[in-house]
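Trainee: give the three-dimensional model of this entry:
(one chain, ligands or ions: 1)
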Amino acid sequence: MTGRIPYTKPSITELETRYAADAAANGWGAACYDYIVRFEREFGSYIGSDFAIATSSGTGALHMGLAALGIGPGDEVILADSNWVATAAPIVHLGATPVFVDVLDETWCIDPAAVERHLTPRTRAIIVTHLYGNLAEMDALLALGRRAGVPVIEDAAEAIGSMWGDRRAGSMGLFGTFSFHGTKTLTTGEGGMLVTSDPDFYERVLTLSNHGRARGQTKQFWADEIGFKYKMSNIQAAIGCAQLQRIEELVARKREILASYRIRLCVLPGVQMNCELEGTVNGAWMPTAVFHPLTGITREALQRGFAAADIDARVFFHPLSSLAMFEDRRDNVNAWDIPGRAINLPSYHDMSEDDIRRVSETLIAIARGEGRRDARLSRSA
Ligand SMILES: Cc1ncc(COP(=O)(O)O)c(C=O)c1O
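Mentor: You can find the predicted model right below:
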């Protein structure tokens, strides 16, 4: 064993530090928004969206977007039960009700049929999270949204680099949101982005993002309504510009790491990794192994084994409806069952092949030591 293997860490080169130092030294006064404007323009263009607004977090981007839709008390917003709590928090902050629905066994993303079953006259939005880089079934979800007259929103916090046909994750719904938290493929430390191609919606979010001051407002310090202050700093945006210049390289390395795990772990029967449906590209943010129920392998056994090997592997998101502040929805069978037999594996740009081998060998040893041998697995793996 040769030291702890972290879960994720960013790739910061001389380019990022040079841009950040430039912003710190010169990005003030008239130049105080230069990197922000550039990051928004270049990010929008990379995603294929006409407009982008940089924010202090992905959560803030989602909060403002939902507020711009006028979502409030009495409204329902449908989202997957397998999610980070950040996706639900803005709904609750606005006084609306999150409606948690099940995910598909193959993609771990929201099940379109479950969405359809939960539509009511009070449904105001469907939030689609592309979990761990896996893509949700966008054709079905967009068609459903159109039929129901309900906007589809993409939480693409974990999906930079993922593509549905020729469209990038985040560019297909009314708006998309991203996170640049330090664990993400593209990072600014903390940060986020809202993207959209709808000019009216963009103006609405822009006003809200500026403490409720409309673009045309000429009176100084005059707010037309109560808005938000979820801005990204120029120094963070400078780091973002450098990371975006390297985005192809950053995503390619994440994909290589996932591919390497896939090859090394294929010797194990009954293990399922992030899917890549035909015609899609998985940005591979978080390599995740889900064990078939017949293997008998549990999250707890995986956590114990990885902790003993000094490897920082993390648990699959708990279903949000299992949290104390929400109503229990254990009929969301996949969302409730998968986490108990799954684990997130370390993945970061500078991870060596030796480290990937060590993680894989540890996983294989845990599975062989703790798992059941069931003849049916060779058929179901
Ligand atoms: C699925 C999902 N949604 C939303 C967020 C929120 O992003 P942030 O942490 O930048 O607020 C995250 C990131 O942690 C996430 O993984």
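Trainee: what comes into contact with the longest strand anywhere in the chain?
Mentor: In the chain, taking DSSP state E as the definition, the longest strand is strand 123-129. With contacts defined as CB atoms under 8 Å, 6 or more residues apart in numbering, strand 123-129 is touched by 62, 66, 69, 71, 75-80, 82-84, 87, 91, 96, 99, 109-110, 115, 136, 138, 141, 144-145, 148, 150-155, 157-158, 173. Glycine gets a C-beta too; all of them are placed from N, C-alpha and C.
Trainee: that's a helix at Met64, yeah?
Mentor: Yes: counting by DSSP: H, G, I helix; E, B strand; the rest coil, one finds Met64 located in a helix.
Trainee: burial check on it, number of neighbours?
Mentor: 25 (other CB atoms under 10 Å).
Trainee: ok, Leu144 next?
Mentor: So Leu144, with other CB under 10 Å, has 18 neighbours.
Trainee: host element of the closest residue to Leu268 other than its chain neighbours?
Mentor: Nearest-residue entry for Leu268: Ala367, 5.3 Å, with adjacent residues in sequence omitted and distances by CB to CB, 6 or more residues apart in numbering. Element membership for Ala367 (DSSP states H and E) is helix 353-370.
Trainee: buried ones in that helix?
Mentor: Using 16 or more other CB atoms under 10 Å as the test for burial, helix 353-370 gives 355-356, 358-360, 362-363, 366-367, 370.
Trainee: run through the contacts of strand 123-129 and flag the ones next to the ligand.
Mentor: Applying CB under 6 Å from any ligand atom to the contacts of strand 123-129, one finds that 83-84, 87, 155, 157-158 fall near the ligand.
Trainee: can you flag which of those belong to strands?
Mentor: If you go by DSSP E, these have Asp155 in strands.
Trainee: how about Leu206, secondary structure?
Mentor: Three-state call for Leu206 (three-state DSSP): helix.
Trainee: list the contacts of it.
Mentor: So Leu206 contacts 53, 215 (CB under 8 Å, 6+ apart).
Trainee: report the separation between it and Ala96.
Mentor: Using CB to CB, to the nearest Å, we find Leu206 at a distance of 22 Å from Ala96.
Trainee: spatially central residue in this structure, please.
Mentor: Nearest to the geometric centre of the chain sits Glu158, at 2.4 Å (CA atoms, centre = their mean).
Trainee: shouldn't it be in contact with Phe180?
Mentor: No: in this structure Glu158 lies outside contact range of Phe180 using CB atoms under 8 Å: 11.6 Å.
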